[in-house]
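Asker: Okay, sequence plus prediction incoming.
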Amino acid sequence: MQIAHNSVVTISYSLFDAQGELIEKSPSPVTYLHGGYDNIFPLVEQALQGKTVGDSINVKLEPADAFGDYDEELLRVEPRGQFPETLEIGMQFEGIPGEEADADAEIFTVTDIADDKVVLDANHPLAGLSLVFECEVLEVREANEEEAEHGHVHGPEGHHH
């Protein structure tokens, strides 16, 4: 079966930086609903259109095609006193501790702790990078009616909203 609109596609993938260094390899197969549902990068979805089991693709993604450009406005420096006593680089917070929560609050990652300041970054860790996405098609099936209606794949036991 060829990959087309409303196909459920299972792939294994590897993600590389522009220098060819491996960033991430899928620890297990990934399944998504094909057809413009924003379940995978659009350029990858375009490259997979019409492919079948056993086919492989290699797609170069510029920042705009992947995780976006790095946005300096998503970088914040906050007073150390706003954070828990135990604080480490890599910890994440939804919104800024001590500020009013926002329904669309960004996830901030602690990138530096110095003296009485904490540096927070809400950019995706791969923002601003050109990437190469390689994958192999492992399985293709037609989506069931509920999956197509919901815009995503459901597991073997169904799906609860």
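Answerer: Okay, I see it.
Asker: Just confirm residue 146 is within a helix.
Answerer: Yes - secondary structure assignment places residue 146 in a helix (DSSP: H, G, I helix; E, B strand; the rest coil).
Asker: quick one: contacts for the residue lying closest to it once chain neighbours are set aside?
Answerer: Nearest-residue entry for residue 146: residue 154, 6.4 Å, with adjacent residues in sequence omitted and distances by C-beta to C-beta, 6 or more residues apart in numbering. C-beta here means a position set from N, CA and C on the backbone, and glycine is covered the same way. Each residue near residue 154 by C-beta atoms under 8 Å, 6 or more residues apart in numbering is listed here: 144, 146, 147.
Asker: Pick the one among those residues closest to residue 137.
Answerer: Residue 137 lies nearest to residue 147 out of the contacts of residue 154, by C-beta to C-beta, at 18.0 Å.
Asker: Find me the pLDDT at that closest one, would you?
Answerer: Confidence at residue 147, expressed as pLDDT, is 92.
Asker: do the one 3 residues further on as well
Answerer: pLDDT recorded at residue 150 is 90.
Asker: what separates it from residue 144, distance-wise?
Answerer: Distance, residue 150 to residue 144, by C-beta to C-beta, to the nearest Å: 10 Å.
Asker: Just to be sure, residue 113 is in a helix?
Answerer: No - Residue 113 is assigned strand when assessed by three-state DSSP, not a helix.
Asker: Next up, the contacts around it.
Answerer: Residues in contact with residue 113, defined by C-beta under 8 Å, 6+ apart, are 80, 87, 88, 89, 119.
Asker: partners of it in the sheet?
Answerer: With DSSP bridges as the criterion, residue 113 is bridged to residue 118.
Asker: which of the contacts of residue 113 lies closest to residue 55?
Answerer: Top of the list for closeness to residue 55, among these and by C-beta to C-beta, is residue 89 at 40.7 Å.
Asker: Tell me how far residue 14 lies from residue 90.
Answerer: 23 Å.
Asker: These two: which is more packed in?
Answerer: residue 14 (15 against 7; other C-beta atoms under 10 Å).
Asker: Confirm for me that that one is in contact with residue 22.
Answerer: Yes - using C-beta atoms under 8 Å, residue 14 is in contact with residue 22, at 6.2 Å.
Asker: List the contacts of stretch 37-45.
Answerer: The contact list for stretch 37-45, computed with C-beta under 8 Å, 6+ apart, reads 32-36, 48, 57, 59, 61, 65-66, 133, 135, 151-153.
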